[in-house]
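Chemist: Below are the sequence and a predicted model; questions follow.
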Amino acid sequence: MVSGDKEEKMPERRKFLFDMVRGLGAATVGGLAWTDMLDGKKTFATILRPPGAVVEQEFLAKCTKCGLCVEACPYKALLLAKPGDERPVGTPYFQMRENPCRMCRDIPCAVSCPTGALLPSLVSDSDEQGKSRLDVNLTKIGLALIDRETCIAYWGIQCDACYRACPLIDKAVTVEYTKNERTGKHAMLAPVVHSDHCTGCGICEHACVTKKASIFVLPRELAMGESSDRYIRGWDDADEERMQGLPEETTTRTPRSEKSPLDYLNKGDL
Amino acid sequence: MFREYKFMVLRRTSQISIMLLFVSGNLLGWHVLRGNLSTSKVLDSVPLTDPFTLLQIFAAKHLVSGQALAGALIIVLFFGLIAGRSFCSWVCPLNMVTDLANWLRKKTGLDALGKGPVISRKTRYWVIGTSLAVSLATGVAAFEWISPISMLHRGIIFGMGMGWTMILAVFLFDLFVKRDGFCGHLCPLGGFYALITRFSLVRVMHSKEKCTLCMNCLEICPEQQVLPMVGKVSSAVASGECTNCGRCVEVCNENAMKFGIRFSPEKNKTSIA
Ligand code: SF4
Ligand code: SF4
Ligand code: SF4
């Protein structure tokens, strides 16, 4: 009886283990393929997210693709990526040339997000009483860049379409007056974007008169460089403070920096 | 005639009205239901969140807002305590696609050629595990990226794009490869609902006394493994894998199947015999 029981049980148990291993194997193979696919998809750097979006990695994780932000936008400026749109499926994005963000003061898109992928606090400051209030001008969808080679203002033709269109005129976009060296007697009135005020709303891109916009918004990570900590703006008192925490020694070694600076100046092949 | 399709009609009505409410939320700005099945708001106040999506976001090591959390809790409590796995048959729009495939299988005689390759019903639980593991590895809710369910209901509300290819793939899989292939074997969302609804109250009840062993119910059931008691004992369907679709109730000519509440006194009466 007992032994019979055992005989019955062993194959059962073996079958169960076998099934486990088989399932685990299949799951692993499927998982690896899946992981590969998603890793490819995550490198969409050029997508412009709604106002208040958290950093892209976190955004991709948190956004449940509900489209509530898209529904909330009264200008239908926000789009929800469909399969085939070459963007992470179901996530919201802008196409500024077609339909830019209108900078609603009540930021309905950010306020409507239920998951925390868009955080109203990222586009709020506090009023006199210390109460938080929305300020759409804190939005950082991206940064507008100008292609000076195709912008006709840089050719010397008068155009201030983007400058006039910008909701933060004279802050985010200013016009620089310079002498047109080519003609010698005309002025150039060229637009310049300032990253501290530009919200990336894309209204300039929408307004630009050239065939393909010569001013266009890119995500900030893509549009901006980063100077290293050791370069100090001497004319900016606050900037000196950045020197405080820096280590004394540099670790960069090149064939030249191995010599003392004096040797380098006197004996070097300058 | 109508009796045989009573729940079918009710289910289609339920599935279609939910979709219509979502569509009107987007197109007409109605406030009854906005968003989609992943996350939504009822009357602009009550949040609803797909708990499986939320679980994947957790696995991806992220926290969501309290609002989304509350929304998931509402769903878990409603289906987990009361309605059973009825999300799959009364809400999910993909159900209409796979039901159509199944119906065509029967009509065209494809079904008579066999049920297709052996795929374990447990595969869906492996897919759950894999979804969570991939979410952990990549930092995004993994199944949400490829889910044909989400693609379909988002597609209906916001525009389909190339999403139809994915839906077609599921349809063809169910039609040509495996009966009840996607919903009954692979879908991790269905698996997830099966897990959390094990102890829900609304159940299909089988009465042995009335059963004439015609086996109509087993023939029609998309999750046949949940009906081992048919003709043997009177009892409620115990498995969370039952989708509460009610097909068995409709096709049983002897009224041996009906909807009831687990633990109801009436059930005790029948099961003693
Ligand atoms: S701020 Fe207004 S216009 Fe801009 S995306 Fe949000 S809702 Fe749309
Ligand atoms: S409202 Fe939030 S979760 Fe919904 S699609 Fe927009 S960003 Fe994603
Ligand atoms: S047991 Fe009945 S209600 Fe449950 S899935 Fe099968 S046919 Fe549908």
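Modeler: Arrived safely, thanks for sending. Ligands and ions are numbered 1, 2, ... in the order given.
Chemist: same question for stretch B:3-10, mean pLDDT?
Modeler: Across stretch B:3-10, the average pLDDT comes to 85.
Chemist: hmm, it in reach of ligand 3?
Modeler: No: applying Cβ under 6 Å from any ligand atom, one finds stretch B:3-10 separated from ligand 3 by no less than 8.3 Å. For every residue, glycine as well, the C-beta is placed using N, CA and C.
Chemist: tell me the secondary structure for the residue of the stretch 101-250 of chain A found nearest chain B?
Modeler: Of all residues in the stretch 101-250 of chain A, the one sitting closest to chain B is residue A:116 (3.9 Å; Cβ to the nearest Cβ). Secondary structure state of residue A:116, per DSSP: H, G, I helix; E, B strand; the rest coil, is coil.
Chemist: Could you measure from it over to residue B:58?
Modeler: As judged by Cβ to Cβ, to the nearest Å, residue A:116 and residue B:58 stand 13 Å apart.
Chemist: who touches the helix or strand encompassing residue B:192?
Modeler: Using DSSP states H and E, the element containing residue B:192 is helix B:188-196. Here helix B:188-196 makes contact (Cβ atoms under 8 Å, 6 or more residues apart in numbering or on different chains) with B:50-52, B:55, B:76, B:79-80, B:85, B:87-88, B:92, B:124-125, B:127-128, B:131, B:143, B:147, B:149, B:183-184, B:239-241, B:243.
Chemist: Name the residue closest to the centre of chain B, please.
Modeler: By Cα atoms, centre = their mean, chain B has its centre lying nearest to residue B:88, at 1.4 Å.
Chemist: Could you do chain A as well?
Modeler: Closest residue to the average C-alpha location of chain A: residue A:219 at 3.1 Å, with Cα atoms, centre = their mean.
Chemist: ok, it touching residue A:53?
Modeler: No: Residue A:219 is beyond contact range of residue A:53, at 9.9 Å (criterion: Cβ atoms under 8 Å).
Chemist: helix, strand or coil for residue B:78?
Modeler: helix.
Chemist: Just give the number of residues close to residue 217.
Modeler: Answering for chain A, as no chain was given. 29 (other Cβ atoms under 10 Å in any protein chain shown).
Chemist: hmm, I had chain B in mind actually
Modeler: 22.
Chemist: Check residue A:262 too.
Modeler: Residue A:262 has 9 nearby residues by other Cβ under 10 Å.
Chemist: Please report the distance of residue B:224 from residue B:239.
Modeler: Counting by Cβ to Cβ, the gap from residue B:224 to residue B:239 is 11 Å.
Chemist: what stretches of chain A score poorly on pLDDT?
Modeler: A:1-10, A:39-45, A:249-252, A:256-257, A:259, A:261, A:264, A:268-270 (pLDDT under 70).
Chemist: again, only this time at 80
Modeler: Residues of chain A meeting the criterion pLDDT under 80: A:1-16, A:18-20, A:22-23, A:25-27, A:29-45, A:84, A:86, A:228-230, A:240-270.
Chemist: cool, and chain B?
Modeler: B:1-4, B:29, B:31, B:44-45, B:111-117, B:263-273.
Chemist: Which stretches in the stretch 101-250 of chain A count as strands?
Modeler: A:124-126, A:132-134, A:143-146, A:173-180, A:186-193, A:215-218 (DSSP state E, counting those that start in this stretch).
Chemist: The residue of the stretch 101-250 of chain A closest to chain B contacts residue A:62, correct?
Modeler: Yes: here residue A:116 reaches residue A:62: they are 5.6 Å apart, a contact under Cβ under 8 Å.
Chemist: intersection of neighbour lists for these two?
Modeler: Shared contacts of residue A:116 and residue A:62, counting by Cβ under 8 Å, 6+ apart, come down to A:54, B:64.
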